[in-house]
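Peer 1: Pasting the sequence and the predicted coordinates here, then a few questions.
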Amino acid sequence: MPPRIVVRVLFMASQLALFASVCQAQSSDDVFNARTLHTLNLSINTRDLALLHEDYRENTFYPMQLEWEGVVVRNAAVRSRGTGSRNPVKLGLQIEFGRFVAGQQFLGLDGLVLDNLWQDPAMIRESLTMALFERLGQPAPRESYARVYINGEYQGLYAMVEPIDARFLARVYGTDKGYVFEYHWIRSFYGEYLGPDVAPYEDLFEPRTHQTDGALTLYQPIAALFREVNEPDSATWRSSVEQMIDIPQFLTHAAIEEFVAEWDGLTGYAGMNNFYLYRPPDNSRHQFIVWDRDNAFQDPQTSVIDRADENILLRRMLAYPDLHDAYLDAVKRAVRAAAAGKWLGAEIDWRSALIRQAVLDDERKQFSSEQFDAEIAFLRRFAMERPAVALAQVGDLRQPD
Amino acid sequence: MRLASSYFLTVLTRTPLAAAAVLTCLGTGLADAQTTNDATSAQSDASAVASLPPTWDFAWKDHPAVTFGDVARVEFRARLSAETRLDDDEDDSSRFDPARRRIGVRGELWKTVDFEVEGEVAGPQPWRDVFANYHVLNAVQVQGGRFKMPFGLDENTGPNNREFVYRSHAARDLAPGRANGVMAHGRLGMVRYELGVFATDGDNAIRHPDTRVHGDSTAAVRLVVQPFHKSRSRLSDFQVGAAYTGTKVPEGFADLNGHTFGGKAFFKSDVWVRGAQRRVGLESRWRPGPFSFQTEYIRINTERRGQSLEGNDLPALVARGWYVSGAWVLAGARKVESAPTPKRPLFGGGLGSIELAARAERLTFASTDAGFLPSTSPRAEVILPRGNAAITLGINWFPNRWLKIQANVIRESFTNATAFPVPLWSHVFSANISL
């Protein structure tokens, strides 16, 4: 083969490889590549930006442009978000791409959450927890870090979080036809039956798919779920509840939360919080999806059944010996997943190294840079101590045969 | 002097009663002056006659009227209308509306100033028209007060002469309506002109003053040409016209919305605007006997200066509306220049007159193309077009000259209006008594 042709073939091959790499970058997987510190540029009219800060408690959407790695989405919509993290200094942001332009997406995403990491001095609790859930095969949103700029001004370090919506369902469950609800904490709720009227459930569970369906279609199965859970003990209790909830999934979810010493989750200090409820399109076996874990990794000495007796679902399930064992097994799996190869420690190391400079540059964060370093040190200690503590507790909780 | 004249204009345009009063005094003064000039050669006994108190007379021809010699003539008018609308919409937009009761007076002073005061007996805006018109010369008349701005054929057609229960979408949502102002107008041969300045951009453009922006000081001009007005042929009534208004709107969401005939918004102008707002209208009408024809086109351009995400200018918000309508008097009257007054009214040897009417129209809100995806964003480069196309079929029955009964069937279909995925049918019945 003549050398000129060889050169041309090689050149074309290199161009194809380059093109392929560019194409490969244009997917949501790359947006959520956690190993990269991304840069996200938002353009918002200065008047809208002032209103966004001024009315940060409102859920008013404003038009914006998003630019990531050369991908531009014009006329997306952004609003302030968050509950405890909502503040006017470092805005929590929720972006919807199709609100103003029908069907518009950003690399296959209908939306994007920009978590302001306001309540976590270490800024990695959320992503660490989600990574552990994913490692244990549990449904969890993808996350990555980004330096966020608005109109060229650095706003600080944010977590880009995958919204729990129809796209998420399609990715995780293979179908986007299911029902998914965001749980809103209004008052302490431990899983009580709130009666046959669907109105109380409407307040607690906001549909993120099937928004136009009727209230009965949306909420009657949820009412039935909590009705069955609160039925008196009987021979049929478990079989009835198994029709309404994926018990193994629920136990695993609760076990991971307990392992990471989360105090604002399913067994939260003020009732259930920070989760989505999923119902498949073809049955009523609800699943729980983890959300917002800024408060994980607290005291490594925390009991692995901390407040388990307060949550009616978990308490009733743990009364069954085989489910009790299944729960402890799930805790053990979480321990192994965290400890194997010092996975949790390694995750803390590379994540903190990835974001450290962006954290130091972040003048809008609530906590100081010194607190960031101290919290990272604390997390490293947690990663070392927690597996042994949890395993010992599991051993103590095993019921003798 | 400029300051004083500016203040005078401000007071005049913001206070219809003041404007009307000024014109009335002006008319009186000028009339007096004219009388004085004319009387220079008159005999002294003429002055003696003029100083006598005028006699008054009451008559009821078309309207009850009182005449005070040559000094004044005052007509009393009243109008009562009731309406029932049945929509195939599922909510409560169908209704019976008996509420429109209007009373007013029209008259003339010293044969130089005519005036009109009309009000709604119940309603948020009690004053409709409050104006005086100085009309010594046919070519140059001056009108001041609160009245309809010189824009829009349909908008400026009175309820007694309307062929449909509702005005066209273009008139309802795009024509400016009433405002306080002063206007010069008159006829120069085949041309009628109206030229005025107004305090606002008209009532139709100020429906949500607390949340939306609108133009303040507005200039308006309207020219209507009747090329065959001296002809005795059927073409004598034919006219074409054009109109323009110009104002400036401050930064905010424009108060420019598209409504169904039932009053529901299919387009809310959640679009940032700032800058000049220009309204252009073209119109034509021909009423050659039993048949009448009318068409109109209105376009409003509202600038969006500095409203992009980056603070740059955006293409203007453009609202367009047009209609074509026709009517045919089947029996009982010949329609020329006004409603078909029956030759033989009901209980007067006949059944009154009957008229059929049809109208096709369209109203759209959009922007010029700038190469982006159409969007509902308040700062969209390309505003997603939204529109309403309507067909109205109607029958009008005039049992006598005071009573009009109308029945309309309306079909409205929508473009990109999520609240109206299917066409909307409405059936409207209206009864009007005018004295």
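Peer 2: That came in fine, so what should we check first? Numbers count the residues shown, from 1 in each chain, chains lettered A, B, ... in the order given.

Peer 1: which strands and helices sit next to the helix ranked longest in chain A?
Peer 2: If you go by DSSP state H, chain A has its longest helix at helix A:369-397. With contacts taken as 3 or more C-beta pairs under 8 Å, 6 or more residues apart in numbering or on different chains; DSSP states H and E, helix A:369-397 sits against helix A:321-339, helix A:343-361. Glycine gets a C-beta too; all of them are placed from N, C-alpha and C.

Peer 1: Which among those helices is found nearest to A:Asp55?
Peer 2: If you check each of the helices and strands packed on helix A:369-397 against A:Asp55 by C-beta to C-beta, helix A:343-361 wins as the nearest, at 27.3 Å.

Peer 1: centre of the chain versus the closest one, how much separation?
Peer 2: On the basis of C-alpha atoms, centre = their mean, to the nearest Å, helix A:343-361 is displaced by 19 Å from the centre of the chain it belongs to.

Peer 1: hmm, who's touching it?
Peer 2: Outside helix A:343-361, the residues within contact range by C-beta atoms under 8 Å, 6 or more residues apart in numbering or on different chains are A:34-35, A:37, A:122-124, A:127-128, A:131-132, A:135, A:145, A:147, A:154, A:156-157, A:337-338, A:365, A:369, A:372, A:376, A:379-380, A:383-384, A:386-387.

Peer 1: Try it again at 6 Å.
Peer 2: Taking contacts as C-beta atoms under 6 Å, 6 or more residues apart in numbering or on different chains, the residues outside helix A:343-361 that touch it are A:37, A:123-124, A:128, A:145, A:147, A:157, A:338, A:369, A:372, A:376, A:379-380, A:383.

Peer 1: Ok, stretch B:406-416 next?
Peer 2: Residues from elsewhere that reach stretch B:406-416, judged by C-beta under 6 Å, 6+ apart: B:164-165, B:260-261, B:266, B:384, B:386-396, B:420, B:423-430.

Peer 1: coming back round to it: enumerate the positions of the longest helix of chain A that are buried.
Peer 2: Buried positions in helix A:369-397, judged by neighbour count with 16 or more other C-beta atoms under 10 Å in any protein chain shown: A:372-373, A:375-376, A:378-379, A:382-383, A:386-387, A:389-391, A:393-394, A:397.

Peer 1: Tell me what angle it forms with helix A:343-361.
Peer 2: Angular relation of helix A:369-397 and helix A:343-361 on a 0 to 180 degree scale: 160 degrees, by axes from the mean of the first three to the mean of the last three C-alpha atoms, to 10 degrees.

Peer 1: could you give me the average pLDDT of helix A:369-397?
Peer 2: The predicted model gives helix A:369-397 an average pLDDT of 97.

Peer 1: so after the lengthiest strand in chain B, what's the next helix or strand?
Peer 2: Taking DSSP state E as the assignment, the strand of chain B that covers the most residues is strand B:314-331. Reading on from strand B:314-331 to the C-terminus, the next helix or strand found by DSSP states H and E is strand B:353-367.

Peer 1: Partner strands of that following strand and their direction?
Peer 2: Strand B:353-367 pairs in its sheet with strand B:314-331 (antiparallel), strand B:386-398 (antiparallel), by DSSP bridges.

Peer 1: Provide a list of residues in contact with the nearest residue to B:Phe267 once chain neighbours are set aside.
Peer 2: Counting by C-beta to C-beta, 6 or more residues apart in numbering or on different chains, B:Phe267 lies nearest to B:Gly258, which is 3.6 Å off, once chain neighbours are set aside. Remark: with contacts taken as C-beta under 6 Å, 6+ apart, B:Gly258 is in contact with B:173, B:266-267, B:363, B:365, B:388.

Peer 1: Out of the residues you listed, which is nearest to A:Tyr193?
Peer 2: For the contacts of B:Gly258, the minimum distance to A:Tyr193 (C-beta to C-beta) is 43.6 Å, reached by B:Phe266.

Peer 1: Check the secondary structure at the closest one for me.
Peer 2: Using DSSP: H, G, I helix; E, B strand; the rest coil as the criterion, the local structure at B:Phe266 reads strand.

Peer 1: Okay, now the unreliable bits of chain A?
Peer 2: When residues are selected by pLDDT under 70, those of chain A lie in A:1-25, A:399-401.

Peer 1: which parts of it sit against chain B?
Peer 2: Within chain A, the positions near chain B by C-beta under 6 Å from any C-beta of the partner chain are A:43, A:45, A:63, A:65, A:74-75, A:100-101.
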